[in-house]
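Asks: output the structure for:
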Amino acid sequence: MGIVVQKYGGSSVADAAGIKRVAQRIVATKRAGHEVVVVVSAMGDSTDDLIELAKEVSPLPQDRELDMLLTAGERISMALVAMAIANSGHEARSFTGSQAGVITDNAHGKAKIIDVTPGRIEKALGQGYIAIVAGFQGVSQDSKDVTTLGRGGSDTTAVALAAALNADVCEIFTDVDGVFTADPRIVPTARQLPKVSYEEMLELAACGAKILHLRCVEYARRYNIPIHVRSSFSAREGSWINSKVDEMEQAIISGVAHDRSEAKVTVVGVPDKVGEAARIFETLSEAEINLDMIVQNISAASTGRTDISFTLPRTDGQTAMTALSRLKGEVGYEQLLYDDGIGKVSLVGAGMRSHPGISAKFFAALAGAGVNIEMISTSEIRISVIVEEGMVDNAVAAAHDAFDLAGDEIEAVVYGGTGR
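Replies: A predicted model of the protein is given here:
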């Protein structure tokens, strides 16, 4: 049989018992005749603990040294999993990201994979070993420094290795049974989706669904790697993400996603002249800030000025405000407003492109729940709104009910408590 790449999240390897359980599942896959490559995250919340420790030592730790520190978490996991596999009667070899051939650019903390050269992994498989790879990390092509891929980067490591090894499937093991129509912590009756298209999963991931990292899905779509999202705590069939979703089976709405990690910036009183918006967004680009939703109001005839609002990660809020404040004299806007008490709620479904009335139904459901909409953004298969953060749960539940997304029985179980 072919190569299977498996990825286990932090909740799956959170303690010794979890590591032993994971090792048994890996060995069972090997005994079924597959060549097995495993990507592991750091144990439990150990990455967060390392970040807190770094901040105790230095309020502004250097990016290079922080990457050196954070990659230790995955190295601990990979060695322990290899040891547990050895106790099960099979041999495993553990590899860091650089040893596995994960080559990245120089962006510490958010590096992008440039290439994967898995020569050592292929050699280990050829010798009959199970290969265990530390996720979330690589090595810079230019500086040869250790880099990290950002939070959730182990998903991307797994799919990138699957593509480089021409694997049959990439199995993402987490602490829920698959992809659901909503976060089961908010909507206990959320229904598991057996199949999800790449484009729908991309929208769900971009809109805050924590089950898969956005870059992982982008990579899978580019190289046509099937992803099987499953729980490491049960034997249930999970959710398949690939391009082979029959249009006859396509649901109108796949799910409701939410995101509480964004903030909103409003540039008030921007002169309505050619090039002013360009200056604002060029400045944000130079600061390497990714924007999400953007809205520009109609210019007021009496003043010749307009307001521009956009959302961005809260972690980039201070950087954005500092960068834009330097533009005030040049652009001549009136003031900057910052709001981090917001949340994004998104309705996603490839079927909505051919069904009129989806927007009306969505907005009516939010209105019925007393949810005020601050911003709206759409794509062909998504409608996103910005609401007050305290109303996110109400908005998700209302939309889920309005489109009858609940299952026949309560299926959603978060075994490890985190959803990853």
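Asks: could you pull out the strands for the stretch 251-400 of the chain?
Replies: 255-259, 262-271, 294-296, 305-313, 335-339, 342-348, 375-379, 382-388 (DSSP state E, counting those that start in this stretch).
Asks: ok now the helix or strand hosting residue 83, how far from the chain's centre?
Replies: Using DSSP states H and E, residue 83 maps to helix 63-86. Between the centre of helix 63-86 and the centre of its chain there are 21 Å (C-alpha atoms, centre = their mean, to the nearest Å).
Asks: send me that helix as CSV with only the CA atoms.
Replies: Extracted in CSV, the C-alpha atoms of helix 63-86 (Å, rounded to 0.1, in the frame of the first residue of the first chain):
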residue,chain,number,x,y,z
ASP,A,63,12.4,36.6,16.6
ARG,A,64,15.3,34.3,15.8
GLU,A,65,15.7,33.2,19.4
LEU,A,66,12.0,32.8,19.9
ASP,A,67,11.9,30.4,17.0
MET,A,68,14.7,28.4,18.5
LEU,A,69,12.8,28.2,21.7
LEU,A,70,9.4,27.4,20.4
THR,A,71,10.6,24.5,18.1
ALA,A,72,11.7,22.7,21.3
GLY,A,73,8.1,21.8,22.0
GLU,A,74,7.7,19.7,18.8
ARG,A,75,11.1,18.1,19.2
ILE,A,76,10.0,16.8,22.6
SER,A,77,6.8,15.3,21.1
MET,A,78,8.6,13.6,18.2
ALA,A,79,11.1,11.9,20.5
LEU,A,80,8.5,10.7,22.9
VAL,A,81,6.2,9.4,20.2
ALA,A,82,9.2,7.5,18.7
MET,A,83,10.0,6.0,22.1
ALA,A,84,6.3,4.9,22.5
ILE,A,85,6.3,3.3,19.1
ALA,A,86,9.5,1.3,19.9
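Asks: mind giving me the packing neighbours of that helix?
Replies: If you count contacts as 3 or more C-beta pairs under 8 Å, 6 or more residues apart in numbering; DSSP states H and E, helix 63-86 packs onto helix 16-31, strand 35-40, helix 46-57, strand 92-95, strand 130-134, strand 137-140, strand 146-148. For the C-beta atoms, the positions are set from N, CA and C on the backbone; glycine is no exception.
Asks: 6 Å - rerun?
Replies: On a contact count with 3 or more C-beta pairs under 6 Å, 6 or more residues apart in numbering; DSSP states H and E, helix 63-86 meets helix 16-31, strand 35-40, helix 46-57, strand 92-95, strand 130-134, strand 146-148.
Asks: taking strand 35-40 as reference, get the angle to it.
Replies: 130 degrees (axes from the mean of the first three to the mean of the last three C-alpha atoms, to 10 degrees).
Asks: who touches helix 63-86?
Replies: 13, 19-20, 23, 40, 42-43, 46-47, 50, 54, 92, 94, 108-109, 130, 132, 134-137, 145-148 (C-beta atoms under 6 Å, 6 or more residues apart in numbering).
Asks: if we can go back for a sec, mean pLDDT added to the strands of the stretch 251-400 of the chain, as TSV?
Replies: Below are the strands of the stretch 251-400 of the chain laid out as TSV (pLDDT from 0 to 100):
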stretch	mean pLDDT
strand 255-259	95
strand 262-271	95
strand 294-296	91
strand 305-313	94
strand 335-339	95
strand 342-348	96
strand 375-379	92
strand 382-388	96
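Asks: can I get those strands in CSV with distance to residue 177?
Replies: Shown next, in CSV, are the strands of the stretch 251-400 of the chain (distance: least, C-beta to C-beta, whole Å):
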stretch, distance to residue 177
strand 255-259, 14
strand 262-271, 28
strand 294-296, 36
strand 305-313, 29
strand 335-339, 36
strand 342-348, 19
strand 375-379, 28
strand 382-388, 24
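Asks: what are the buried residues along the helix holding residue 83?
Replies: 63-64, 66-71, 73-75, 77-78, 80-82, 84-85 (16 or more other C-beta atoms under 10 Å).
Asks: cool, and stretch 225-242?
Replies: Those would be 225-233, 238-242, for stretch 225-242 by 16+ other C-beta under 10 Å.
Asks: ok, residue 138 touching residue 97?
Replies: Yes - counting by C-beta atoms under 6 Å, residue 138 touches residue 97, with 4.4 Å between them.
Asks: let me have the helices and strands packed on helix 63-86 in a markdown table, extended by distance to residue 159 and mean neighbour count.
Replies: As requested, the helices and strands packed on helix 63-86 are arranged in a markdown table below (distance: least, C-beta to C-beta, whole Å; neighbours: other C-beta atoms under 10 Å):
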| stretch | distance to residue 159 | mean neighbour count |
| --- | --- | --- |
| helix 16-31 | 17 | 18 |
| strand 35-40 | 9 | 29 |
| helix 46-57 | 20 | 14 |
| strand 92-95 | 17 | 22 |
| strand 130-134 | 12 | 28 |
| strand 146-148 | 17 | 27 |
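Asks: do you know which of these lies nearest residue 324?
Replies: With C-beta to C-beta as the measure, helix 46-57 is the member of these nearest residue 324 (26.1 Å).
Asks: what sits against residue 209?
Replies: Residue 209 sits next to residue 257 when contact means C-beta under 6 Å, 6+ apart.
Asks: where does it sit: helix, strand or coil?
Replies: Secondary structure state of residue 209, per DSSP: H, G, I helix; E, B strand; the rest coil, is coil.
Asks: roughly how far does it sit from residue 178?
Replies: 12 Å (C-beta to C-beta, to the nearest Å).
Asks: low pLDDT regions in the protein?
Replies: 1, 244-250, 408-420 (pLDDT under 70).
Asks: around residue 91, count how many other residues there are.
Replies: For residue 91, the neighbour count with other C-beta atoms under 10 Å is 13.
Asks: check the gap between it and residue 315 for me.
Replies: Taken as C-beta to C-beta, the span from residue 91 to residue 315 is 42 Å.
Asks: swap in residue 176?
Replies: Residue 176 is 25 Å from residue 315, by C-beta to C-beta.
Asks: look at the two and report which has more neighbours.
Replies: Legend: neighbour count by other C-beta under 10 Å for residue 176 and residue 315, higher for residue 176 (29 against 11).
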